[in-house]
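S.K.: here is my input; please provide its structure:
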Amino acid sequence: MQRIFYSLCYFLILITLSDAFANQDTQTSPTPLETAAQAATTDISTPADETSNLLAFREQINRQMQNSAQWLDDLMAEVPSDKKAAAKGYLRLGWLPRNNDWSETEVRFTVSLSLPNWKKRLKLIVDNDADEFARLPFETENQAAGNNHQGNEINASLQYLVEKNDNLNIDHRIGISRTQLYARSSAVWEKKIDTHLLAATAGLEYYYSDGFGQFIKLAYDKELSPTMSLNWSANLRHLQSEPDSEVRSGLYFSYLPDQKRAMIVGINGKDAFNGLRSYTLSYRYREQFLHSWLYYEIEPFLEYRELRQYNDEVGIALRFIGYYGQ
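M.R.: This is a model prediction of the structure:
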């Protein structure tokens, strides 16, 4: 069943990309940072040169993704409806050299389809980042520190979100992750009090091979000014197949002077499923360039890993992120 599902995902992606390349000559960005970037794609005007190959290709990808979302949504429509399906996502390319390893790279994508005719709060999500769920809100991917579980495999899930009240949502997901079938249900609570934002998530999950699991996520944000905030977060996760529980905690200071730039400095620690511990200190700078939907990131970091007897490792992450969709 998994092979059939993977084949279908690859087929849909190949059809979308092949149509985009075929028609390119004739037809002319959530984490908090990604949320800000997605807003910026509509709030900031694009450059005047709308004839570049990059813009034409992105426009074609947008059109194909929207058409695919609408086609899937229409399959469940009993009668014609004015409701429009929507697709959005991002592609991230990165190189993460460090003093003892210059070969680490990352290629990550996410596609999210909103399908109103299926159910009001139902979404289809496809990505290749199984570890994204476990990371802290401002934490970036670090394969060397053991933050990557089957990260190159395609994951897909149906998400159904139930709004209980203004502060509580119930999130149900079913799909494929960590190369196996899984199901997850969680309660998500948020409360804003003046300049303080409190959040807590607790839930259960089941993986076909890894068995049952439980997780708890806590977060606290303090708005220091309209452009600055302080964030603390902690995650605890246990899976039946893993030898130990995974614990993550981090403290971050963020500065977003405008919709084009963002700066984050933070420190985080992690006890991985294999029992090994690591600490990371980093500074991340993101800026929009060329177009409203295109960003680059520079993130120098200092890391201490138990695997290397806590000898300091110096590195830098260089990333390009492109957002698409509505």
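S.K.: give the contact list for the closest residue to Glu104 other than its chain neighbours.
M.R.: In this structure, Glu104 finds its nearest non-sequential neighbour in Leu96, 4.4 Å apart by Cβ to Cβ, 6 or more residues apart in numbering. In this view, the C-beta of every residue, glycine as well, is placed from N, C-alpha and C. Contact partners of Leu96, counting by Cβ atoms under 8 Å, 6 or more residues apart in numbering, are Glu104, Thr105, Glu106, Asn142, Gln143, Ala144, Gly315, Ile316, Ala317, Leu318.
S.K.: the strands in the stretch 101-250 of the chain, which residues?
M.R.: Using DSSP state E, counting those that start in this stretch, the strands assigned to the stretch 101-250 of the chain run over residues 105-114, 122-127, 155-163, 168-177, 180-193, 196-207, 211-225, 228-239, 246-255.
S.K.: looking at those strands, which is nearest to Phe273?
M.R.: Between Phe273 and these, the tightest spacing by Cβ to Cβ is seen for strand 246-255, at 5.0 Å.
S.K.: check which residues of that closest one are buried.
M.R.: Of the residues in strand 246-255, Glu246, Val247, Arg248, Ser249, Gly250, Leu251, Tyr252, Phe253, Ser254 count as buried by neighbour count, 16 or more other Cβ atoms under 10 Å.
S.K.: verify the assumption that Thr282 is located in a helix.
M.R.: One correction, residue 282 is Ser, not Thr. No: if the criterion is DSSP: H, G, I helix; E, B strand; the rest coil, then Ser282 is strand and not within a helix.
S.K.: what distance do you get for the nearest residue to Glu223 once chain neighbours are set aside to Asn100?
M.R.: Residue nearest to Glu223 in three dimensions, not counting chain neighbours: Thr195, with 4.1 Å by Cβ to Cβ, 6+ apart. The gap separating Thr195 from Asn100 is 42 Å, by Cβ to Cβ, to the nearest Å.
S.K.: same check on Ile176?
M.R.: 34 Å.
S.K.: low pLDDT regions in the stretch 101-250 of the chain?
M.R.: For the stretch 101-250 of the chain, applying pLDDT under 70 flags the ranges 119-121, 143-152.
S.K.: the same query, at a cut-off of 80, please.
M.R.: Confidence mapping of the stretch 101-250 of the chain against pLDDT under 80 gives the ranges 115-122, 142-152.
S.K.: pull stretch 59-67 out as CSV, backbone CA atoms only.
M.R.: What follows is stretch 59-67, C-alpha atoms only, in CSV (Å, rounded to 0.1, in the frame of the first residue of the first chain):
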residue,chain,number,x,y,z
GLU,A,59,3.7,31.5,-12.3
GLN,A,60,3.3,28.3,-14.2
ILE,A,61,3.9,26.2,-11.1
ASN,A,62,1.3,28.3,-9.2
ARG,A,63,-1.2,27.7,-12.0
GLN,A,64,-0.6,24.0,-12.1
MET,A,65,-0.8,23.7,-8.3
GLN,A,66,-4.0,25.6,-8.1
ASN,A,67,-5.5,23.5,-10.9
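S.K.: offset the numbering so it begins at 219, please.
M.R.: OK, 219 is where the count begins now, so the last one is stretch 277-285.
S.K.: now Leu386, which residues is it bridged with?
M.R.: With DSSP bridges as the criterion, Leu386 is bridged to Trp407.
S.K.: tell me the contacts of it?
M.R.: Ala405, Val406, Trp407.
S.K.: can I get these in TSV including neighbour count?
M.R.: Output for these, formatted as TSV (neighbours: other Cβ atoms under 10 Å):
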residue	neighbour count
Ala405	14
Val406	17
Trp407	14
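S.K.: between those residues, which is closest to Asn346?
M.R.: Val406 (24.0 Å).
S.K.: picking up where we left off before, I figured the residue nearest to Glu441 hits Pro444, correct?
M.R.: No: judged on Cβ atoms under 8 Å, Thr413 makes no contact with Pro444 at a distance of 10.2 Å.
S.K.: picking up where we left off before, figure out which of the strands of the stretch 319-468 of the chain is closest to Tyr497.
M.R.: Among the strands of the stretch 319-468 of the chain, strand 464-473 sits nearest to Tyr497 (Cβ to Cβ), with 10.0 Å.
S.K.: which outside residues touch that closest one?
M.R.: By Cβ under 8 Å, 6+ apart, strand 464-473 touches 250, 352-357, 445-456, 480-491.
S.K.: after that strand, next one along is what?
M.R.: Later in the chain than strand 464-473, the nearest helix or strand by DSSP states H and E is strand 479-489.
S.K.: for that following strand, name the packing helices and strands.
M.R.: helix 250-261, strand 464-473, strand 495-506 (3 or more Cβ pairs under 8 Å, 6 or more residues apart in numbering; DSSP states H and E).
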